[in-house]
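*Asks:* here is my input, please return the structure:
(2 chains)
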Number of protein chains: 2
Amino acid sequence: MGYNQLNTPNRTIMTPGPVEVDPRVLRAMSTPILGQFDPAFTKLMNEVMEMQRAVFQTNNHWAFPIDGTSRGGNEALLASIIEPGDKVFVPIFGRFGHLLVEICERYGAEVHSIQCPWGEVFDPQVVIEEVKKVSPKIVAIVHGETSTGRVQPLAEIGKACREQDVLLVVDAVASIGGVDVKTDEWFIDGIIGGTQKCLSVPSGMAPITFNERIEKIILERKKVEAGIATETDQNYKRSRLAIASNYFDLGMLMDYWSPRRLNHHTEATSMIYALHEGLRLVLEEGLDHRFVRHKLHEKALVAGIEAMGLNLFGDAHHKLPCVTCIEIPSGVDGELVRSMLLEEFSIEIASSFGPLHGKIWRVGTMGYSCRKENVLAVLGALEAVLIRHHINVNRGEALQAALDVYAAEGKKTVTL
Amino acid sequence: MGYNQLNTPNRTIMTPGPVEVDPRVLRAMSTPILGQFDPAFTKLMNEVMEMQRAVFQTNNHWAFPIDGTSRGGNEALLASIIEPGDKVFVPIFGRFGHLLVEICERYGAEVHSIQCPWGEVFDPQVVIEEVKKVSPKIVAIVHGETSTGRVQPLAEIGKACREQDVLLVVDAVASIGGVDVKTDEWFIDGIIGGTQKCLSVPSGMAPITFNERIEKIILERKKVEAGIATETDQNYKRSRLAIASNYFDLGMLMDYWSPRRLNHHTEATSMIYALHEGLRLVLEEGLDHRFVRHKLHEKALVAGIEAMGLNLFGDAHHKLPCVTCIEIPSGVDGELVRSMLLEEFSIEIASSFGPLHGKIWRVGTMGYSCRKENVLAVLGALEAVLIRHHINVNRGEALQAALDVYAAEGKKTVTL
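*Replies:* From the prediction side, this is the model:
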């Protein structure tokens, strides 16, 4: 069969994920395999748990990755706590709010949702009022919405949910590792992060963490599968319905990620290596330092875009620092511009979904992709491509504006 | 934080998975990332589909990996075809038969199962008679059962299922790439392979394939999630219930693995690189050549074990060539032997589950781990450890017997 070995082009990836993987993470993945119960491997698993806690800013015991892409993490958490008929409230401000609704409905929840226009977020008071009115078991909400480039403030919502004894589940796939996510301080009960965005690890794993409030529900639903169940497991009295998915059953995953090491699945060894190195990179850089770096490169990118004469999309007060949405100038085919960026400059930026399809470009500044040379490359290339498409831009201004931002940072500049 | 970089020991992994990953696969994984819709990446996705078809010996159009471990593949296929109340028949001859029951039950199936003692397989006629009696919608069965080291003949069962218009779903996680799996010739409708066994790719992805009979059911259940659904999607008339899981919804995955490239999830880039290289290695070696190699090293291993004076476990006529089960001699703590193999010789072999726990060791000869130096290493080390535990073995015989097998192959020897 005539299949060639991998011979991939070298891309500058400035999308909201998947983004460039840190070279240290790439190297970690080529480490030879260990058996899943090899003490050398379970030690790494424990370190991943500890590092995840630090990155999620939590004291939760349970912090481990799900072997699946980010939505696998969402599904694992929601499937493990939703029982048919449960009331879930989902405030939707972009595509991934719809996904949360979708997952909840598939697991039999009675979903109540509210929507705001894409590009905005909710006034926390509006959400809180609705929580009081609906009185759901669970509020599921997105933190950083990549489809619109917005970030929803969660502190007040979290406090109100805890006061109402409502569980708060948060999709922080796009924000974790790039934007402040205070799991405990914001009273988040369960939360999902993404690997392929600000952590700069490949897609395929979803770090999650949850507290005792969620653990309690899971233990009440616990079921260990036949074939490996001990007598104790078989006699276990569930006070709630078993979880509907086997793969996403957090009860068995807790037993896997604990000294019992229940053989639920074969952990994705190379992805654990990758996540281990990715988390190490985040903690070596320091969370605060990392958030500052993401904001600096956002500032340079935004300055460049505005200097070029393009308009930013969305509510500026709630912009997600790691995603910048640009209105596609009228008369421009956004996809042609993206193709030319990819084909001529080997730079990838993103389009968008639903109501924003064809209306905005999205530029990510996430993780390892979030660095000076990439910001400058995308600005320079975008200007050239727009000129090539006969768009009236302020020639030569974008890079100067971005360089000004970097120069103003002077010695303080974090260039990674 | 004081986390060190990966510094893993070098292991000889002779378990039934995860096994050593081929060095070419390890290198492929350190390739920089591509965006998921980059034409350079979608080309690789298409090549993975083509190569999967060849490895599964099928002309099915649908052949792609699920982003999850092997049981994720089982769950995706079963969840997508089982509707609550459906009758599923599962013949159980080891742990993974129980897993199939478990998954089917969680998705609301009415499961009928029969069991045979661990270490045996079913006479196909027994299964066929039961199919006729039960008249299920689906028969779900394991092909290579790693927990007992047996392989279930499927040709007659497949033919009978097709004649009865019953769907046959097969778990070939342990056999694919190491033992003959004739998807089309055996009339298998849906089948799941494993990466971390005979394909010598890390765990975390599950290649599957299915035919038009299964596709038809999936299309009748099709639902594209809000947020990305087009008007056509929204107006789509389902004649059956939507699939209960979003993550494992093969309808959306089919749209992702087709020119539509529906943005269901972010494909696990580095794992696709790994699978691409792993499949390439299988096809370069050639399926028949590969099956012969697995049998050769099995023969050498078995000769060594028997020469040492140990007993093999299970029905010899239905032994899975890539897993050899050894009875633990009486008076021996099997776990102490395994620990000493790991700690002194850096060699890993496996224990077993359920009724076989503490009674057998399992030695895998799978994929890249299945090579002469590894077989000789495990025989030599096992003999030394048993002598160290004061077990009466035929000293010095095992390696001579294995070397005799290799010598007899002479010039024909496939040593990889």
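
*Asks:* buried stuff in the helix or strand bottoming out on mean pLDDT in chain A?
*Replies:* Every helix and strand of chain A was ranked by mean pLDDT, DSSP states H and E. The lowest is helix A:231-235, at a mean of 93. Residues of helix A:231-235 classed as buried: A:Asp233 (neighbour count, 16 or more other C-beta atoms under 10 Å in any protein chain shown). Every C-beta, even on glycine, is put in place using the N, C-alpha and C of the backbone.

*Asks:* chain center to it, what's the gap?
*Replies:* 37 Å (C-alpha atoms, centre = their mean, to the nearest Å).

*Asks:* and it, C-alpha only, in PDB?
*Replies:* The C-alpha atoms that make up helix A:231-235 are tabulated as PDB, following Å, rounded to 0.1, in the frame of the first residue of the first chain:
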ATOM      1  CA  GLU A 231     -18.400  -9.400  46.300                       C
ATOM      2  CA  THR A 232     -18.400  -6.100  48.100                       C
ATOM      3  CA  ASP A 233     -19.100  -4.300  44.800                       C
ATOM      4  CA  GLN A 234     -21.900  -6.700  44.000                       C
ATOM      5  CA  ASN A 235     -23.500  -6.200  47.400                       C
END
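
*Asks:* ok, and what's touching that helix?
*Replies:* A:223-224 (C-beta atoms under 8 Å, 6 or more residues apart in numbering or on different chains).

*Asks:* next structured bit after it?
*Replies:* Per DSSP states H and E, the first helix or strand lying C-terminal to helix A:231-235 is helix A:250-256.

*Asks:* do the longest helix belonging to chain A and chain B meet at all?
*Replies:* Taking DSSP state H as the criterion, chain A has its longest helix at helix A:287-308. No: Helix A:287-308 lies out of reach of chain B by C-beta under 8 Å from any C-beta of the partner chain, never closer than 10.8 Å.

*Asks:* can you map out the helices along the stretch 101-250 of chain A?
*Replies:* A:124-134, A:155-163, A:212-220, A:231-235, A:250-256 (DSSP state H, counting those that start in this stretch).

*Asks:* center of chain A - which residue?
*Replies:* A:Val173 (1.4 Å; C-alpha atoms, centre = their mean).

*Asks:* okay, the closest residue to it other than its chain neighbours: pLDDT?
*Replies:* Excluding its sequence neighbours, the residue lying closest to A:Val173 (C-beta to C-beta, 6 or more residues apart in numbering or on different chains) is A:Gly194, at 3.4 Å. We have a pLDDT of 98 for A:Gly194.

*Asks:* comparing the helices of the stretch 101-250 of chain A, which comes out most buried?
*Replies:* helix A:250-256 (a mean of 23; mean count of other C-beta atoms under 10 Å in any protein chain shown).

*Asks:* can you flag the weakest of the helices of the stretch 101-250 of chain A by average pLDDT?
*Replies:* Taking the mean pLDDT of the helices of the stretch 101-250 of chain A, helix A:231-235 comes last: a mean of 93.

*Asks:* A:His317: what secondary structure?
*Replies:* helix (DSSP: H, G, I helix; E, B strand; the rest coil).

*Asks:* tell me the residue of the stretch 1-150 of chain A that sits nearest chain B?
*Replies:* A:His98 (3.3 Å; C-beta to the nearest C-beta).

*Asks:* in the helix or strand where A:Glu50 lies, what counts as buried?
*Replies:* Element membership for A:Glu50 (DSSP H and E) is helix A:39-55. Within helix A:39-55, the residues scored as buried using 16+ other C-beta under 10 Å are A:41-42, A:44-45, A:47-49, A:51-53, A:55.

*Asks:* quick one: is stretch A:10-17 near chain B?
*Replies:* Yes: applying C-beta under 8 Å from any C-beta, one finds that stretch A:10-17 is in contact with chain B at A:10-11, A:13, A:15, A:17.
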